[in-house]
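[1] How does the following fold in three dimensions:
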Amino acid sequence: MKILLTAFDPFADEKINPTLEVLKKIEDNILNVQLIKLELPTVFGKSSKILEEKIKEVKPDVILSLGQAGGRSKITVERIAINVDDVNIKDNEGNKPIDQKIRNDGENAYFSTLPIKAIVEEIKKAGIPAEISNTAGTFVCNHIMYEDLYFAEKYGNIKAGFIHIPFLPEQVIDKDMPSMNISDIKKSLEIAIATIIKYSNKDDLKISGGSTH
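    Take a look at the predicted model:
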């Protein structure tokens, strides 16, 4: 079993991206499963091409992508990606798409094929705040989650999904926003990966993960 784990470079005037910082710290092997790590540029289109080339090269069983969610206080496991790029800030190469489809031949939306509820429950058991998120936004995070699932369907027998993580403490020194320390983020992602492995041949938990907002 091989898991492709992706993270983004810094964007929007941030000097670091917590996804990339934690990617460096996670072990290359969890429960005897190989983790293949990939840094993606926060750029529409280019990130997709790099992702697809890596998928063709390593033929993963699972794709788990990570994204920064400044303003969120919990580990948020994404449920759905939608087929639109529509942003209010530029990506790292100055692109600013508006109401643009990601894939003309893709579905309007794709749902995560990871055990999202089990992941959240296992992280919470470790004393780390976590919840299901029903929107990955419409920036490059949603773009890559959508592409993860599009390619998973295209190449077959691949499960895929996305997890957003909060800012690190050093990113919020001059911001009135929540943060989470890197050790808790690392622990939560290791739990998520272990849960993905554990649930590789069984269904997700049947518990509420709904929200009124």
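
[2] can you tell me the helix or strand for the residue of the chain positioned farthest from its centre?
    Relative to the centre of the chain, and counting by CA atoms, centre = their mean, the farthest-placed residue is D174 at 25.8 Å. D174 belongs to no helix or strand when assigned by DSSP states H and E.

[3] T195 reaches V120, doesn't it?
    No. Checked against CB atoms under 8 Å, the pair T195 and V120 is beyond contact range at 9.2 Å. C-beta coordinates here come from the backbone N, C-alpha and C atoms, glycine included.

[4] Kindly provide the distance from the residue farthest from the centre of the chain to E14.
    Distance, D174 to E14, using CB to CB, to the nearest Å: 12 Å.

[5] How about G161?
    From G161 over to E14 (counting by CB to CB), the distance is 24 Å.

[6] if you count what's nearby, which of these two comes out ahead?
    Shown here are G161 and E14; by other CB atoms under 10 Å, G161 has more neighbours (27 against 15).

[7] Toward the C-terminus, what is the element adjacent to the helix or strand hosting that one?
    Using DSSP H and E, G161 maps to strand 159-165. Moving toward the C-terminus from strand 159-165, the next helix or strand (DSSP H and E) is helix 182-198.

[8] Now do the strands in the protein.
    In chain order, the chain shows strands spanning 2-8, 29-30, 33-40, 62-68, 75-78, 80-82, 109-111, 130-133, 159-165, with DSSP state E as the criterion.
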